[in-house]
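> predicted structure and sequence below. I'll ask about it afterward.
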Amino acid sequence: MAEDSTLEQILEKYGNEREALVEILRDASQAAGYVSPEALATIAQRLGLPQSQVHSVASFYSLISLKPMGKHVIRFCQDAPCHVAGGREVWEALEQTLGVPFGATTSDKQWTLLATSCIGACSVGPVMMVDDEIYGNLTPDRVREVLAQVGGDV
């Protein structure tokens, strides 16, 4: 299975060091799109940690996913500066354009829509991060433009 060999490479890269747990989980999540229960068990076993501790760390960080994600992941800032700058309208445009509520993945597995805390670009709010790119000064129309640019037909 490809996921197993990728996880083995990640564990090899970090030398099975407990101190690298967050990096191992992050890399595993990026490589497979999420960290499966089987991967959590393997990581716990290889690092000599309780599986509950590995799961707790994985579930704490927003950039580590415990469920499959879409090809493109949208993280929309839900903090006050973005909300005041028109975030509610952008939030609604994202849900309407993708046809899914926040926390869900589209049926074609192209988009996952997540709410997040501050992205660190308050001066250009409302802000979202699509994959690794940050988009600011969002409006409902701009949301549609960005999604079309990133993923084609929306």
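Received the coordinates, thanks.

> residues in contact with the residue most central in space within the chain?
When Cα atoms, centre = their mean is applied to the chain, the residue found nearest the centroid is residue 63 (4.8 Å). By Cβ atoms under 8 Å, 6 or more residues apart in numbering, the contact set of residue 63 is 26, 29. Where you see a C-beta, it was placed from the backbone N, CA and C, and this is true even at glycine.

> could you do residue 133 as well?
Residues in contact with residue 133 (Cβ under 8 Å, 6+ apart) are residue 150.

> helices of this structure, start to end?
For the chain, the helices defined by DSSP state H cover 2-14, 21-32, 37-47, 51-60, 80-82, 88-98, 140-151.

> in a markdown table, list those along with mean pLDDT.
Shown next, in a markdown table, are those (pLDDT from 0 to 100):
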| stretch | mean pLDDT |
| --- | --- |
| helix 2-14 | 86 |
| helix 21-32 | 93 |
| helix 37-47 | 96 |
| helix 51-60 | 95 |
| helix 80-82 | 84 |
| helix 88-98 | 94 |
| helix 140-151 | 91 |
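
> any idea which of the ones you listed gets closest to residue 124?
Nearest to residue 124 among those is helix 80-82; the distance by Cβ to Cβ comes to 9.4 Å.

> is it true that residue 139 touches residue 89?
Yes - using Cβ atoms under 8 Å, residue 139 is in contact with residue 89, at 7.4 Å.

> could the helices of the chain go into CSV alongside distance to residue 118?
Conversion of these to CSV gives the following (distance: least, Cβ to Cβ, whole Å):
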stretch, distance to residue 118
helix 2-14, 29
helix 21-32, 19
helix 37-47, 28
helix 51-60, 17
helix 80-82, 8
helix 88-98, 15
helix 140-151, 19
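
> was I right about residue 29 contacting residue 64?
Yes - assessed by Cβ under 8 Å, residue 29 is found in contact with residue 64 at 4.6 Å.
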